[in-house]
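Student: From the sequence below, what's the structure:
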Amino acid sequence: MAERVVIKERVEVDPDRPLPQFDMPNAKAYAAMARREEHGDLIAYVCEARVPYRHSDVEAIRGLSTGAMMRFVEWGVAAWAPARRRLPILIYERPQGGRVAQATTDVLEPMSDERIVRGFITPAIAVLRDLSTRGVPHRAVRPDNLYFSDPAKKLVILGECLTAPPGLHNPAFSETLEQAMAEPSARGRGGIAEDLYSLGVCVIFLLLGRNPVHELGATEMIERKISLGSYAALTGGARIQMNMMELLRGLLSDDARERWSVREVELWIGGRRLTPKQAKLPAKAARPMTIAGRDYENVRSVAEALGRNWLTSGEVVRGHDFDNWLRRSLSDEKVVENVGKVVGSQAAIQNASEAETPRLVTRACMALDPGAPIRHKGFAAHIDGVGAALALDFEREDVRQKVADFINGRFVGLWMSLQARTRSDLSELYSLYDKLPLILNQTGPGFGMERVLYELNDHIHCRSPLIEHLYVTRVEELVPALERVAASKDRTGRPMDRHIAAFAVARSPDVDERFVRPLSGADNSGTDHILAALTLLARVQAMTKNGPAPNLAAWFVDLMKSAINGFHNLKQRKAIEQSISRAAETGLLIELQNIYGDTKSVQRDQQGYARAQQEHQHCGAQIQQLSIELQNRDHMATELGEQVAAVTSGVVGSVGSTAVIILFML
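Tutor: Numbering: from 1, shown residues only. Model (predicted):
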């Protein structure tokens, strides 16, 4: 029996009581109970580590008090024993009536229009309005995420929306054309307009008791929506009551400017009958455009086909037939103007190098359908969805390459220039995309695709294999996490890798690129690289003030032994070892960094060693000379005897001469 997990002292989660009927595609449901507050039955959603949950929306939804959506209670990151790691856990109140449908292919008893209006549309519109005022879209409105709030199953409520990126698990038929065209992981944040469209899809499901287009794949669904309009494509020829037809036509308009707003739906609920505009289908060209062996008759379908068949679309865009189709068959001056603006003239297209062909296709798609996602080399994404796509499949080389090509293509500015209205948050993203190529194309630690991952995902956890299981989302948690790893005694490798370096510089304004550039030195296997890692982590520890890390300090001491052993002066080496031992006990990495980074002591040791070498060489030369002289002792003795005899005879002669002179004078 696993121990219960406590979330912020408020909620207990029971790992031994799964609730599979409430599972989400990337979050398993478990029974939970409140410790103090008066709550009904609770559900704990244990999220998958690789799928980024919507952390930025947690606080806004926490304060939302409504009976029209599963009520969010609490959240936290906790150790989850079954997975042997830390995971984010989101707590909701449990709907008492269960799920409306387990899957979008289910067949239910159709609901009356009155029951749908009172028991679903009215409360759902109220909660979507409240979410909109908080700047939070739901983006998980789909038939299999609806619940009955009460055992009598009178009220249908919206399910949770925080366990996955916006729109990730919505099927193509539940998404607007623009969102459905993108990769599910790259649909972006969206807004109230997308939620209202999805609400209309759910109304069809409840009204008919089934999904009339469940057998269609995403590509075929998109093509039908383009050619027939969403209302006709989604109802599949089913008979709809006149009053509900009015609502559905308003909600399912493919033109976001003509789609009904919350206010218009509220007026309709209040009895005011509005007349939604008829679906405005894309104008058909005088003759079709052939792409990959199929004919396409309007500009949106041509753009979609070019993006989907990008390997062969270059020949189409470069061909004269494409230019003729634009100018003579399409008869849309705005499209021609857009093509000239972002793609260029026919002469410029012809003169472009072969390597530019994929970019030409991407620009052509943008010009033909500005509202669609950016399509490049088979990757279709809204610019605020690229980060989620990268996070979901970072381990896949093909996904990393697609994102790299997307960033290096520098399409965001061109795409924004084609938009009638631009959201302020997308303007901020534009400035980020403008600097990403420089970050991406530097190869050292702290740069590259790892840095892009953290720049595009504000709250994703550090994916370093060293600490990934600890789910570190803030730079303040980085050193304590490494301390836990160091305490495990499994100190293989080093407490620094590309992910940790990129995470630190992306998450902390106090760690700039000066701290990661030394990690790119040629001596990646030596002490210089280890010292650079120590310097970076010492900076993080000092700025975050999250306490000592003695085990991490000891790890660095082990790694830097060769640097200390490099000291030649034994007394100095012993003194430094003692200083290091004291510094390691404090657990303050800056103390170690000051010792290891003391270049003056190293210089003094090197200078002293150089002087010792010179003295050694001088003494060696003298010893060698003496050795040579000692080898010829007989010759030296004879020569010395002759010299002594000469000196002695000279002295004796001088003494004798002096004596004679003295006697003579007397």
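Student: Look up how far residue 213 lies from residue 281.
Tutor: Between residue 281 and residue 213 the distance is 18 Å, computed by CB to CB, to the nearest Å. Just so you know, the C-beta spots here come from the backbone N, C-alpha and C atoms, and that holds for glycine as well.
Student: now swap in residue 303 and tell me
Tutor: 22 Å.
Student: who touches residue 228 in this structure?
Tutor: residue 281 (CB atoms under 8 Å, 6 or more residues apart in numbering).
Student: related to what we said a few turns ago, neighbour count for residue 281 and residue 213, which is higher?
Tutor: Between residue 281 and residue 213, residue 213 has the larger neighbour count (other CB atoms under 10 Å), namely 20 against 14.
Student: and that one, helix, strand or coil?
Tutor: coil (DSSP: H, G, I helix; E, B strand; the rest coil).
Student: cool, and the one 10 residues further on?
Tutor: Secondary structure state of residue 223, per three-state DSSP, is helix.
Student: and what of residue 14?
Tutor: Following three-state DSSP, the label given to residue 14 is strand.
Student: swap in residue 107?
Tutor: coil.
Student: Tell me who's in contact with the spatially closest residue to it that is not a sequence neighbour.
Tutor: Ranked by CB to CB, 6 or more residues apart in numbering and with sequence neighbours excluded, the top spatial neighbour of residue 107 is residue 210, at 4.8 Å. Taking CB under 8 Å, 6+ apart as the criterion, residue 210 is in contact with 106-108.
Student: got it, and residue 235?
Tutor: 204, 212, 248.
Student: And the residues you listed, which is closest to residue 580?
Tutor: Comparing the contacts of residue 235 against residue 580 with CB to CB places residue 204 closest, at 71.2 Å.
Student: tally of neighbours for the closest one?
Tutor: Residues within reach of residue 204, counting by other CB under 10 Å, total 24.
Student: ok so it is a helix residue?
Tutor: Yes. Assessed with three-state DSSP, residue 204 lies in a helix.
Student: hey, which helix or strand in the chain has the poorest pLDDT?
Tutor: helix 633-665 (a mean of 63; mean pLDDT, DSSP states H and E).
Student: how close does residue 327 sit to residue 285?
Tutor: Taking CB to CB as the measure, residue 327 falls 11 Å from residue 285.
Student: which of those two has more neighbours?
Tutor: A direct count of neighbours by other CB under 10 Å for residue 327 and residue 285 places residue 285 higher, at 20 against 15.
Student: Please, which helix or strand holds residue 231?
Tutor: Per DSSP states H and E, residue 231 falls inside helix 230-235.
Student: what's the answer for residue 287, then?
Tutor: Using DSSP H and E, residue 287 sits within strand 284-291.
Student: in that strand, what counts as buried?
Tutor: For strand 284-291, burial by neighbour count (16 or more other CB atoms under 10 Å) applies to 285, 288-289, 291.
Student: Tell me if I'm right that residue 402 and residue 378 touch.
Tutor: Yes. If you go by CB atoms under 8 Å, residue 402 and residue 378 touch, sitting 7.0 Å apart.
Student: With neighbour numbers in mind, choose between these two.
Tutor: Shown here are residue 402 and residue 378; by other CB under 10 Å, residue 402 has more neighbours (23 against 15).
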